[in-house]
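**Q** Got a predicted model here, sequence first, then my questions.
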Amino acid sequence: MTFAGGRAASAPLMGRESEPTLFELSVPGRRAFQLRTTGVPERSLHELIPVEHLNDEVVDVAEVSERDLVAHFTRLSHRQFSVDLGMYPLGSCTMKYNPKFCDAVAADPGLNGVHPGTPATLCQGWLALLATLEERLCAITGMSAATLQPAAGAAGELTGLLLMRAYHESRGDVRTRVLIPDSAHGTNPASVTLGGYEVTTIPSNDRGLVDLAALKSALGPDVAGIMLTNPNTVGLFEEEITEIATAVHDVGGLLYYDGANLNAIVGVVRPGDMGFDIVHMNLHKTFATPHGGGGPGAGPVAVAARLAPFLPGPKATRVDGRYDWVTPEHSIGRVHGWHGNAMVLARALAYIEVHGGDGLTRVAQHAVLNANWLRHRLRDLLPAAYDRVNMHECTLSASNLKAAYGVKGLDVAKALLEEGFHAPTVYFPLIVDEALMFEPTETESLQTLEALAQALERIVERAHVDPEGLRQAPKTTPVSRVDEALAARRLRPTADAR
Amino acid sequence: MADYLPHTEDEVASMLAFLGMSSFEDLFAHIPAAVRLAGGFDLPPGVSEPDVAARFARYTSANAATLAKLSCFAGGGAYDHEVPPVVRALGSRSEFVTAYTPYQPEVAQGVLQAIYEYQTLVARLSGLPIPNASLYDAATGLVEALNMAGGATGRTKMVISAGVHPHWRAVAATFAKGTGHELVIAPLRDGETDWGAVDASGAAAVVAAYPNYLGVIEDLSIAKALAVREGALFVVGADPVAAGVLKTAGQWGADVFIGEGQPFGTALSFGGPYLGLFACTEEQVRRLPGRIVGETLDAEGRRAFVTTLRAREQDIRREKATSNICSNQTLMAVTAAIQLGWLGTQGLREIATRCAQGAHFLYDELLTINGVHAVSSRPFFREFAISLPTNASETLLAMADEGVLGGLAISALTGGDDPSLELDVDRVLLVTVTERRTLEEIEHYVNVMRKVVHS
């Protein structure tokens, strides 16, 4: 049996030479652009703009033909791994297949050809779309109202913390600390600082979960709230969530749900039913909007009814049979220059509508099935950090390989690139030694999972016979391991830096 | 019932059996029953793609103001520029669209090199040497610039021109509630910032816009001198298209450049995703927010690119990070590099020139209409504010009936009155002309305006 699946080893993702930069391809006088004939009378800039504003130097861009432009960026695209090319089992990142249909929706000029400052009367379709998405996201999370403005998960986190702050302040309640488990994503503590709070780190117990006793001892009247990811970043469900929620609420704190791992629970558990007050969602994870090489994302924040008056505004709201922009009564204000990453929001709504409630539930079921199958399949190869039923991702450890052969988790990850797979997330969460976190997602087939397992078998075998080779991997990729120290020591962020 | 799941029923059964389970329920048995969702979602059932497309057709048809239906004279940070098929084709290549953050440089050279080229272009357009790999939008750029200034000076007072886009200022005010920054807004007089009207002593940042949101190009040497006097960082929010003809932020002495990169290859998109441009001086490199790509070598001595200076970032530095940003707007940054490659040196200059020519032509024509006045006597680049004898919002609706999106009502941008403006804002309209507007469209605009304000 041939396990082709999502393995990209057949792709010509290689080349012995580097691609010239756009600037190296540039030839003075060459051009690609063509503009409309407008008939607008030409006038000298000196007649229009005072000379002290005019740049007497020409800003050098690059001068290439259209053919060279196409060749250059097409070749660059061939030096890039992507979901469309093969499996991307990056834990915590939910790199599932991005339906082309959703891209087609976003490419419709009836949506993307609308100026964001258009009077509401003239863009009722957009407002209806946004209001519908808000409704859907509230139903999915079990919350009462939402803002669609935050442009990514981290922006959602900070928005949520400012909501927390506004809520407490409205009650004349001064609070200074936010609790975060030691397994949390780095954005959590960074957002807490920007929200004007201090971080108190809560240790995990030996089951990989929040240590409830430690949590309780950290609680007090100065605690504004807690930020939790559930399932957590190890891929395990916080089974004592009700106890956690009660304890935090008992001291007047709020519960913030980091939606990074929402894909594991859609249709199974709702954050609102677990006691969370504020929820951000990463639409580029759970709702399959493409990651774009690092963005754009979208990080809507949904809240319980008591926090709704503080939401950012304006919001698309149904008023007297039509839609208008309405700012909530005690709004914290804008968190985006316009209405959020609207084209990402449209894609996510399309994805939600295709799946419906039933389809979204299957998404979580299959995502969790795949991650558990993979953990169990690899149990003798790379043991799980916590060997029991996990959710949508499994955290394995290469500590045995490190001890036996001096082969680290990073080496396994790099060798996987040679095998035609993207690497898993390495060295995160921080609480697991030599962590390799795999999140296969629901859109990878059984054949792909098996191909991944077999690739890991070959790598572990290689650790036994050729550990030095593994430490040099990958060799068949566009470049081999890069000198990160050199990049930092001799910073060259532009072609002009020398 | 629709989804994108590959497993057959037999495969699901075999996978569950491999785990010693008989149903999906067994996978979730460890979740306390008290929190489980009973009875499923309150959502409509799933339907096929064509069925969803039919639903979305209702949204698109309810948008009266699309580029296909109205000729667009609205700007205010979102511009209708030419985006040719070649840029759309390259920018929608799925290798760029469906990639993740380039954490594994061996298989991410495509995105990394494209970002490096983007960074080079941002540095040239801004006149500052240290760009980052993008922020969400220009408003976030302002927030990050203020945070950088706070970090650099240990101070909290931020002196900001009222000429900075009202939405950017609004976003900065929201996030200042967390950082404790005090925003001091310097008002506009005749469309120019009156820096003397505010107490700038002990400022961390002096923030100017070029052009400002009313379109006026201000002499930034006064703001620069103020920043130097106070030991503050000088932050310039500039229209990157203007760099085709106007002085760069760096030439005005900026320490930090912020800007909205949407004009380079991104459709109007109802406001997002856009592209936050950011660059700073070498002195501030350790405080740079977000990712930065640097050139290096691989183990075989070949040129390679990698994200660098990572110790500033949230996943490593956690609560001491320079910013919380993780996902950014890489795809828009890659698209901007492609669009600028298409425009080239001549094309950038050409569109900037055409914007200025079209805007000045329309301005001259509009001022011939009885009751239409300039809001400022100062020079402008590609957009300008006029006061009307009528309510601007109502005028816009009437103009839309004649096929014209006539601009932006200032009152809608400011969310009502703006105390920093000495204007009756309800009558003020912000009008923009890009290189895509023809003489015929401009003349039609003038005729429609004349008819509407005197009907």
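**A** Structure received.
**Q** Relative to residue A:251, how far out is the residue of the stretch 101-250 of chain B found nearest chain A?
**A** Proximity of the stretch 101-250 of chain B to chain A (Cβ to the nearest Cβ) peaks at residue B:110, 2.9 Å away. Glycine gets a C-beta too; all of them are placed from N, C-alpha and C. Noted for residue B:110: a distance of 50 Å to residue A:251, by Cβ to Cβ, to the nearest Å.
**Q** The stretch 1-150 of chain A: helices as residue ranges?
**A** A:45-48, A:66-77, A:100-106, A:109-112, A:124-141 (DSSP state H, counting those that start in this stretch).
**Q** More neighbours: residue B:110 and residue A:251, which one.
**A** residue B:110 (29 against 14; other Cβ atoms under 10 Å in any protein chain shown).
**Q** what number of residues lie near the residue of the stretch 151-300 of chain A found nearest chain B?
**A** In the stretch 151-300 of chain A, no residue comes nearer to chain B than residue A:292, which is 3.0 Å away by Cβ to the nearest Cβ. Residue A:292: 29 surrounding residues under other Cβ under 10 Å.
**Q** can I assume it is in contact with residue B:97?
**A** Yes. With contact defined as Cβ atoms under 8 Å, residue A:292 reaches residue B:97; the gap is 5.9 Å.
**Q** Quickly list what's touching both of those two.
**A** residue B:331 (Cβ atoms under 8 Å, 6 or more residues apart in numbering or on different chains).
**Q** before we move on, back to that, the helices of the stretch 1-150 of chain A: which one's closest to residue B:6?
**A** helix A:100-106 (15.9 Å; Cβ to Cβ).
**Q** got the contact list for the residue of the stretch 101-250 of chain B closest to chain A?
**A** Residues in contact with residue B:110 (Cβ under 8 Å, 6+ apart) are A:76, A:77, A:78, A:79, A:80, B:95, B:96, B:99.
**Q** For the stretch 201-350 of chain A, list the residues in contact with chain B, please.
**A** Contact residues (Cβ under 8 Å from any Cβ of the partner chain) of the stretch 201-350 of chain A with chain B: A:237, A:239, A:241-242, A:267-270, A:273-275, A:282, A:284, A:288, A:290-297, A:312, A:314, A:327, A:332-344, A:346, A:350.
**Q** Report the buried members of these.
**A** A:237, A:239, A:241, A:267-270, A:273-275, A:282, A:284, A:288, A:290-297, A:312, A:314, A:332-344, A:346, A:350 (16 or more other Cβ atoms under 10 Å in any protein chain shown).
**Q** who are the neighbours in contact with the closest residue to residue A:259 other than its chain neighbours?
**A** Excluding its sequence neighbours, the residue lying closest to residue A:259 (Cβ to Cβ, 6 or more residues apart in numbering or on different chains) is residue A:281, at 4.1 Å. With contact taken as Cβ under 8 Å, 6+ apart, residue A:281 is in contact with A:137, A:140, A:141, A:156, A:259, A:262, A:287, A:299, A:300, A:301, A:302.
**Q** what about burial for those residues, which qualify?
**A** Buried among the contacts of residue A:281 by 16+ other Cβ under 10 Å: A:137, A:140, A:141, A:156, A:259, A:262, A:287, A:299, A:300, A:301, A:302.
**Q** Identify, from the residues you listed, the entry nearest to residue B:175.
**A** Looking across these and measuring by Cβ to Cβ, the closest to residue B:175 is residue A:156, at 13.3 Å.
**Q** Make sure the closest one is indeed in a helix.
**A** Yes. Residue A:156 sits within a helix when classified using DSSP: H, G, I helix; E, B strand; the rest coil.
**Q** who are the neighbours in contact with it?
**A** A:150, A:259, A:280, A:281, A:282, A:299, A:300, A:301.
**Q** do residue A:248 as well
**A** A:179, A:219, A:223, A:225, A:226, A:254, A:255 are the contacts of residue A:248 under Cβ under 8 Å, 6+ apart.
**Q** I'm done for today, thanks for sticking with me.
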